[in-house]
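Visitor: sharing a model prediction with you, sequence too.
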Amino acid sequence: KGNVRDIPFNTQSTTYTLVASDAGKVVSTNSNVTVPANIFTAGQAVVVYNSSAASISILSSGVNFAFAGYSNNANKTLSQNGVATIVCVGTNAFVLSGAGLT
């Protein structure tokens, strides 16, 4: 399974829709990221790092988002150099947390 101390990077430079193989990775991007339906299962996680000098959006596409500790269901904004962890907690249900995430 590789070195457990490393988290593989997937670097993107345009608007990106997460894919199943992103589970367990850091998606480093300077553009918006979409979380699609029917791709992840409970317990899978993806980290998004905003490498741009501006905020990006983490967008829901047929999935429910909850901000850790809250019950709102809306797209999120990730500030420059922000890091967000997206955890699948059920069928098309995700909890997001992180630094620079609103």
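Guide: That came in fine, so what should we check first? Note that this is a predicted model, so its numbers are computed, not measured.
Visitor: quick check: end-to-end length of stretch 53-62?
Guide: Distance across stretch 53-62, first residue to last, is 28 Å (C-alpha to C-alpha, to the nearest Å).
Visitor: neighbours of the residue lying closest to P36 once chain neighbours are set aside, how many?
Guide: Leaving aside its sequence neighbours, P36 sits nearest to S61 (C-beta to C-beta, 6 or more residues apart in numbering; 4.8 Å). C-beta here means a position set from N, CA and C on the backbone, and glycine is covered the same way. Using other C-beta atoms under 10 Å, S61 has 13 neighbouring residues.
Visitor: S61 against V33, yeah?
Guide: No: with contact defined as C-beta atoms under 8 Å, S61 does not reach V33; the gap is 10.5 Å.
Visitor: hey, what's in contact with both of these two?
Guide: Common contact partners of S61 and V33 (C-beta atoms under 8 Å, 6 or more residues apart in numbering): T17.
Visitor: pretty sure S21 sits in a helix.
Guide: Yes: counting by DSSP: H, G, I helix; E, B strand; the rest coil, S21 is part of a helix.
Visitor: count the neighbours of the residue nearest to G62 when sequence neighbours are not counted for me.
Guide: With sequence-adjacent residues excluded and distances taken as C-beta to C-beta, 6+ apart, G62 is closest to A37, at 3.4 Å. Here the number of neighbours of A37 (other C-beta under 10 Å) works out to 12.
Visitor: could you measure from A37 over to L78?
Guide: Remark: distance between A37 and L78 (C-beta to C-beta, to the nearest Å) = 20 Å.
Visitor: which stretches of this structure have low pLDDT?
Guide: Applying pLDDT under 70 to the chain picks out residues 1-3.
Visitor: all helices of it, in order?
Guide: Here the chain has no helices by DSSP state H.
Visitor: report the distance from the strand ranked longest in it to the chain centre.
Guide: Secondary structure of the chain per DSSP state E: the longest strand is strand 76-90. Taking C-alpha atoms, centre = their mean, to the nearest Å, the mean C-alpha location of strand 76-90 is offset from the chain mean by 5 Å.
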